[in-house]
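Chemist: I need the structure of the sequence given here:
(one chain, ligands or ions: 1)
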Amino acid sequence: MKDDNVIICRCSDVTLKDIRDLIDQGYNTFDEIKRITRIGMGACQGKTCTQLVLREIATRTGKPIESLKPQTSRPTAVGVKLGVIAKGDCDDEK
Ligand code: FES
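Modeler: The predicted structure is shown next:
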């Protein structure tokens with residue numbers, strides 16, 4: 001298997017080749033790559049792919065990985081109790 005075909009972000013189906021092409025085009029921060037590919041925005045919120053992308057940026061740009069800023073992880077949604085969903089009860093509609 002060629003390295004380029006390796007999936008870096010399984011949530012957004014982004015390969016190592018996608019990341020390398022973007023870095024070669026001048027996108028050198030995690031946020032820039034995130035905005036183009038949606039990497040780090042999947043169900044795992046970047047738990048798997050963030051470090052892989054930062055490592056690839058560091059390798060290709062020569063920057064120390066410690067100097068690269070990772071994304072800010074945020075919850076995908078507010079928790080809702082199943083009972084509220086089952087009842088169809090919602091405070092916003094009252
Ligand atoms: S693997 Fe990238 S967001 Fe889940």
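Chemist: Can you name the residues of the protein sitting close to the ligand?
Modeler: Selection of the chain residues close to the ligand by Cβ under 6 Å from any ligand atom yields 9-12, 39-40, 42, 44, 46, 48-49. C-beta here means a position set from N, CA and C on the backbone, and glycine is covered the same way.
Chemist: tell me the contacts of the spatially most central residue of the chain?
Modeler: In the chain, the centroid-proximal residue (Cα atoms, centre = their mean) is G40; its distance is 0.9 Å. Neighbour list for G40: 9, 30, 34, 46, 49-50, 53, 71, 73 [criterion: Cβ atoms under 8 Å, 6 or more residues apart in numbering].
Chemist: Any of those residues buried? List them.
Modeler: Buried members of the contacts of G40, scored by 16 or more other Cβ atoms under 10 Å, are 9, 30, 34, 46, 49-50, 53, 71.
Chemist: any chance of the residues of the chain next to the ligand in CSV, plus secondary structure and pLDDT?
Modeler: Listed next are the residues of the chain next to the ligand as CSV, based on DSSP: H, G, I helix; E, B strand; the rest coil; pLDDT from 0 to 100:
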residue, secondary structure, pLDDT
C9, strand, 96
R10, coil, 95
C11, coil, 94
S12, coil, 94
I39, coil, 94
G40, coil, 91
G42, coil, 89
C44, coil, 87
G46, coil, 90
T48, coil, 88
C49, helix, 94
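Chemist: Show me the shaky parts of this structure.
Modeler: Along the chain, segments meeting pLDDT under 70 span 1, 73-76, 89-94.
Chemist: what about 80?
Modeler: 1-2, 72-80, 85, 89-94 (pLDDT under 80).
Chemist: Which stretches in it count as strands?
Modeler: Per DSSP state E, the chain carries strands over the ranges 7-9, 14-15.
Chemist: And the contacts of the first one?
Modeler: So the one you mean is strand 7-9. Applying Cβ under 8 Å, 6+ apart, the external contacts of strand 7-9 come out as 13-16, 18-19, 37, 39-40, 42, 46, 48-49, 52-53, 56.
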